[in-house]
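Dropping a prediction and its sequence here:
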Amino acid sequence: MSEPGDVRLRIDGPVAHVTFDRPSARNAMTFTMYARLGEICDELSARDDLGAVVFRGAGGAFVAGTDISEFTAFKDGADGVAYEDRIDAAMLALTRLPAPTLAVIDGAAVGGGLAIAAACDLRIVTPNAKFGVPIARTVGNCLSAANIARLTRAFGDGPVRRILLLSEFLDGETVHGLGFASACVAADQLQAEADRQIARLCEAAPLTIAACREIFGRLSAHAPDDRDIIARVYGSADFREGVAAFLDKRKPVWLGR
């Protein structure tokens, strides 16, 4: 594994800035980084003075998924269920932050990175940003029902099927056209657009913003039980082959079991 990375928090007046900081791995998340994200969400949830929470990645990427080397310690399907529970808990904590959330995305937002972006209220992207979940041709794992439901609400059913079943990547202009992003701007305009949207959020009526976000949360609160599916996939020989092939930089050989 390369350097461990961190998730950093900076408070600037009414705005919290959260940065995924592991540029040598395009900010791929370790389990320690997910735990740190949960701690930050807990810290921010105790505040009542925030107008916006901004998420971004360091070094030219947003988040390029979960570090695949973390999966080598998995023994059976129960480890996969525990992992997806951990991701679901982190995404739920993000959606329940007390202020509107904005993801500022340049570069890769893949796998877990796409899940983080989809859990935010708003997203600003650049044309060369890249969005996808190519697990059907790489690692051979699966997403939780909660994350698939969140992606479907954000993109629509058809685009999510392309992302998951065909392992397609979508660029910034495409996701903006689908309504996933509130703006698509050139990289040198990204900060100015972020500042503009942050200012609008901080100037808005706080009770109205809170009411809208709470209603959105209630509308999206239910997902079907998926533990049997997750355990079957993460406990499979194909998943072990996918992890080994990814780390060996070779094409996996799927057996369907």
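Yep, it's here.

Which secondary structure elements does the strand or helix carrying residue 92 sit against?
Using DSSP states H and E, residue 92 sits within helix 77-95. In this structure, helix 77-95 packs against helix 31-45, helix 112-119, helix 145-155, helix 227-234, with contacts taken as 3 or more Cβ pairs under 8 Å, 6 or more residues apart in numbering; DSSP states H and E. No exception for glycine: its C-beta is placed from N, CA and C like everyone else's.

what helices or strands is the next helix or strand along the chain from that helix leaning on?
Next helix or strand after helix 77-95 toward the C-terminus (DSSP H and E): strand 101-105. Where contact means 3+ Cβ pairs under 8 Å, 6+ apart, strand 101-105 is packed against strand 52-57, helix 112-119, strand 122-125, helix 190-203.

Quick check: mean pLDDT of the first one?
Yep, that's strand 52-57 we're talking about. Strand 52-57 comes out with an average pLDDT of 98.

which other residues reach that strand?
Applying Cβ atoms under 8 Å, 6 or more residues apart in numbering, the external contacts of strand 52-57 come out as 14-21, 23, 26-27, 44, 62-63, 97, 99-107, 113, 116-117, 120, 194, 198, 201-202.

go with 6 Å
15-20, 27, 63, 97, 99-104, 198, 201-202 (Cβ atoms under 6 Å, 6 or more residues apart in numbering).

Next, the angle from it to helix 190-203.
Angle, strand 52-57 to helix 190-203, by axes from the mean of the first three to the mean of the last three Cα atoms, to 10 degrees: 160 degrees.

Okay, now the sheet partners of strand 52-57, with direction.
strand 15-21 (parallel), strand 101-105 (parallel) (DSSP bridges).

Can you give the distance of that strand from its chain's centre?
12 Å (Cα atoms, centre = their mean, to the nearest Å).
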